[in-house]
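>>> show me how the following folds:
(one chain, ligands or ions: 1)
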Amino acid sequence: MENKFLTGKTALITGAASGFGREMAIQFAKKGADLLLNDINMEGLEETEQLILKEASPKIILHKADISDSDQTKLMAKKAFKEFDNIFVIINNAGISGTLSTSLKTKEEVYDRVMKVNVKGAWNVTKAFFRNMKRQKQFSPVVGKIINIASIAGTANGINPYLGIYSASKAALIALTKLWALELGAANITVNAISPGLFVTPIYKDSPELIHKLREMRGVRLPIDRLGETREVAGVALFLASPAADYITGENIIIDGGMSISINKL
Ligand SMILES: NC(=O)c1ccc[n+]([C@@H]2O[C@H](COP(=O)([O-])OP(=O)(O)OC[C@H]3O[C@@H](n4cnc5c(N)ncnc54)[C@H](O)[C@@H]3O)[C@@H](O)[C@H]2O)c1
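Okay, here's the model as predicted:
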């Protein structure tokens with residue numbers, strides 16, 4: 001994927017102030033994409049912009065909005081189509097972890113917030129953008145691509161009792177991925193999910209120790225026994241955004257060093 005296959009295409013990345021969102025923004029810019037970067041953390045977005053400008057010179061719009069609020073996402077969509085003539089890729093990446101507790105021990109306010117950001121947030125964004133995306137007939141054979149950042153915690157093998165509500169929210173996001181693939185396929189929009197394992201990002205306090213603890217809690221040894229890197233998740237997102245993935249939709253690509261297949265097996 002050496003060529004700048006995203007030239008002339010804009011990517012909206014939610015949660016772009018840190019972690020995967022930041023890394024995807026940098027890698028997408030290097031492939032020629034213009035960027036609409038969203039987060040609730042404006043300072044972090046500005047840092048992301050500075051890092052991008054060291055590597056590339058795309059058009060970048062930073063937009064502070066809470067994706068769990070439908071009015072704010074509608075405003076973001078309005079601004080997006082004023083500033084750009086397309087939003088070719090949407091990466092529903094913003095997410096929160098909630099508390100380390102089983103689903104039934106989770107406090108109601110934590111349940112509400114995790115579901116509102118991780119599930120309703122992605123739904124709000126997709127709902128606010130899909131109609132305009134459908135009209136992007138300048139692109140062929142695919143007029144737009146939606147990539148949801150789910151988690152192995154939302155998959156059958158990786159479902160995680162220590163992150164109960166988070167697990168349920170990511171399972172819902174994987175279900176929405178498949179529903180949207182069905183609903184938007186006829187309009188030539190592809191919808192896929194990426195499910196990372198455990199990566200060192202701010203969501204896990206940037207702490208390799210916490211990751212090791214979480215692995216130990218589940219008794220996991222990885223077939224690929226090292227920590228994954230955010231650029232490896234960005235690489236899968238780039239693949240899904242590339243023409244090589246034009247015939248892939250409704251899929252959930254797991255990137256976890258083999259973690260979810262090895263729980264209780266190695
Ligand atoms: N790090 C991992 O190991 C891991 C594994 C699987 C899935 N994920 C998922 O990857 C995604 C990115 O997480 P990350 O690990 O990069 O952590 P992160 O905390 O660095 O990134 C999440 C970003 O989302 C933003 N955000 C939170 N609530 C928001 C809201 N309501 N509106 C807009 N932005 C909001 C945060 O400010 C933050 O910048 C999340 O959806 C997370 O669940 C992470």
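
>>> list the contacts of residue 63.
36-38, 76, 79-80 (CB atoms under 8 Å, 6 or more residues apart in numbering). C-beta coordinates here come from the backbone N, C-alpha and C atoms, glycine included.

>>> of all those residues, which two lie farthest apart?
37 and 79 (12.1 Å; CB to CB).

>>> what is in contact with the two at once?
Joint contacts of residue 37 and residue 79 (CB under 8 Å, 6+ apart) are 61, 63.

>>> kindly report the residues of the stretch 51-200 of the chain close to the ligand.
Counting by CB under 6 Å from any ligand atom, the stretch 51-200 of the chain comes close to the ligand at 66-68, 93-96, 117, 121, 149, 151, 196, 198-199.

>>> now the residues you listed in CSV, with pLDDT?
Putting those into CSV (pLDDT from 0 to 100) gives the following:
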residue, pLDDT
66, 98
67, 98
68, 98
93, 98
94, 98
95, 98
96, 97
117, 98
121, 98
149, 98
151, 97
196, 97
198, 89
199, 92
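
>>> more neighbours: residue 37 and residue 79, which one.
Applying other CB atoms under 10 Å to residue 37 and residue 79 shows that residue 37 carries more neighbours, namely 27 against 14.

>>> name the element that one belongs to?
strand 34-39 (DSSP states H and E).

>>> tell me the angle of the helix or strand just after that strand relative to strand 34-39?
Proceeding N to C from strand 34-39, the next assigned helix or strand is helix 42-53, under DSSP H and E. Comparing the axes of helix 42-53 and strand 34-39 via axes from the mean of the first three to the mean of the last three CA atoms, to 10 degrees yields an angle of 150 degrees.

>>> what comes up buried for the helix or strand following helix 42-53?
With elements assigned by DSSP H and E, the helix or strand that comes after helix 42-53 is strand 60-64. For strand 60-64, the neighbour count (16 or more other CB atoms under 10 Å) marks 60-63 as buried.

>>> now do strand 60-64 and helix 42-53, the angle between them.
With the same axes, to 10 degrees defining the directions, strand 60-64 sits at 170 degrees from helix 42-53.

>>> now do strand 60-64, average pLDDT.
For strand 60-64, mean pLDDT is 98.

>>> what lines up beside it in the sheet?
strand 34-39 (parallel) (DSSP bridges).

>>> if we look at the strand it pairs with, which residues are touching it?
9-18, 21, 25, 28-29, 45, 48-49, 52, 58-65, 67, 76, 80, 83-84, 87, 94.

>>> kindly report the same for stretch 42-61.
Outside stretch 42-61, the residues that reach it (CB under 8 Å, 6+ apart) are 10, 16-18, 21-22, 25-26, 29-30, 32-39, 62, 64, 79-80, 83-84.

>>> that concludes my questions; thank you for your assistance.
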